[in-house]
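# return a 3D structure for these sequence lines:
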Amino acid sequence: MDLDGLLPLVVPAVMALAAGPLSGRLPPCTATWLLTATAVVLALASTATLAVLALGGTLRLPVIAALGHLSEHVLHHDPQTSPIVATVAGPALAASLAAAGYAAAGRIRALLAGARAARDLPGREIVAVVEDDAADAFALPGRPGRVVVSTGMLAILDEAERRVLLAHERAHLSGRHHVFRALVHVATAANPMLWPLRGAVTFTTERWADERAAAGADRERAARAIGKAALAHNRRPGLGHAAALGIGRV
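Numbers count the residues shown, from 1 in each chain. The predicted structure follows:
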């Protein structure tokens, strides 16, 4: 197999190294779109390459070649058809498809569960306040999505800080950040070499929400508000199962 044919298997390693610098240097919206699209395209390309390698090697097996009426002349001039390569590519392809399928099913179940949890929250406004002394806030995607914030979180923030926090969580919903994260999650399951892109997209979507939240407030004050909320949450996490389904937790 020539070098061009191996590129879909090599480029993901290069992209994995570049994910961190790109996530910090590009504008967060641009970085999110770029990294997500790259992850999906490279995962599809590497899966297709494994399929070609597995099929090409299988066709060289005498029994399969006879069934397909393939001549020795055709097989001899096909540099990609190697049974040895197929013995590696075949199981790798199966593992990739199985991992991607499992990851996709898990994400779909989580999103559906999140939508149900959002519908069951009290009230009809986008912001749902729940009684809980623990400090927590997150976004639940759904139709419509909801922003969940605990009374414990509200108690430690002043009015301006509350506005910043809620704007941050609303930005996750309006930006459909759960879709970007889900796509990268499945792509990295299909090709584990892309794993750094998963954390990079989580980081860029948080930056994206931070910038949206800071748009209507003093940037320094907004940063302090988000940091204060994050510190409080880390000390006293709460809200149980519903919080596990959310995105953008501070």
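
# roughly how far does the closest residue to residue 193 other than its chain neighbours sit from residue 93?
The shortest distance from residue 193 to any non-neighbouring residue, by CB to CB, 6 or more residues apart in numbering, is to residue 12 (4.2 Å). C-beta: built from backbone N, CA, C; applies to glycine. As defined by CB to CB, to the nearest Å, residue 12 lies at a distance of 15 Å from residue 93.

# so for those two, which residue has more residues nearby?
Shown here are residue 12 and residue 93; by other CB atoms under 10 Å, residue 12 has more neighbours (25 against 21).

# and that one, which helix or strand is it part of?
Assigned by DSSP states H and E, residue 12 belongs to helix 3-25.

# centre of the chain versus that helix, how much separation?
Relative to the chain's own centre, helix 3-25 is displaced by 17 Å; criterion: CA atoms, centre = their mean, to the nearest Å.

# just the CA atoms of that helix, as CSV, please.
Extracted in CSV, the C-alpha atoms of helix 3-25 (Å, rounded to 0.1, in the frame of the first residue of the first chain):
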residue,chain,number,x,y,z
LEU,A,3,1.8,6.4,1.4
ASP,A,4,-1.3,8.2,0.2
GLY,A,5,-3.5,5.3,1.2
LEU,A,6,-2.1,5.4,4.7
LEU,A,7,-2.7,9.1,5.2
PRO,A,8,-6.2,8.6,6.7
LEU,A,9,-4.5,6.5,9.4
VAL,A,10,-1.6,8.9,10.0
VAL,A,11,-3.2,12.3,9.9
PRO,A,12,-5.3,11.7,13.0
ALA,A,13,-2.1,11.4,15.1
VAL,A,14,-0.9,14.7,13.7
MET,A,15,-4.3,16.3,14.4
ALA,A,16,-4.3,14.9,18.0
LEU,A,17,-1.1,16.9,18.6
ALA,A,18,-2.5,20.1,17.1
ALA,A,19,-5.9,19.9,19.0
GLY,A,20,-4.6,21.6,22.1
PRO,A,21,-2.9,24.6,20.5
LEU,A,22,-5.8,25.1,18.1
SER,A,23,-8.4,25.0,20.9
GLY,A,24,-6.6,27.8,22.7
ARG,A,25,-5.5,30.1,19.9
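
# please begin residue numbering at 40 from this point
Let's use 40 as the start, then, which means that last one is helix 42-64.

# in terms of secondary structure, what does the one helix or strand residue 204 maps to contact?
Assigned by DSSP H and E, residue 204 belongs to helix 198-213. Judged by 3 or more CB pairs under 8 Å, 6 or more residues apart in numbering; DSSP states H and E, helix 198-213 is in contact with strand 176-179, strand 185-189, helix 234-253, helix 258-274.

# which positions within whichever helix or strand comes after that helix qualify as buried?
Next along the chain after helix 198-213, taking DSSP H and E as the criterion, comes helix 216-229. For helix 216-229, a neighbour-count test (16 or more other CB atoms under 10 Å) marks 216-217, 219-229 as buried.

# so what sits opposite residue 177 in the bridge?
Beta-bridge partners for residue 177, by DSSP bridges, are residue 187.

# quick check: the gap between it and residue 212.
With distances taken as CB to CB, residue 177 is found 10 Å from residue 212.

# shared neighbours of the two, anything?
residue 186 (CB atoms under 8 Å, 6 or more residues apart in numbering).
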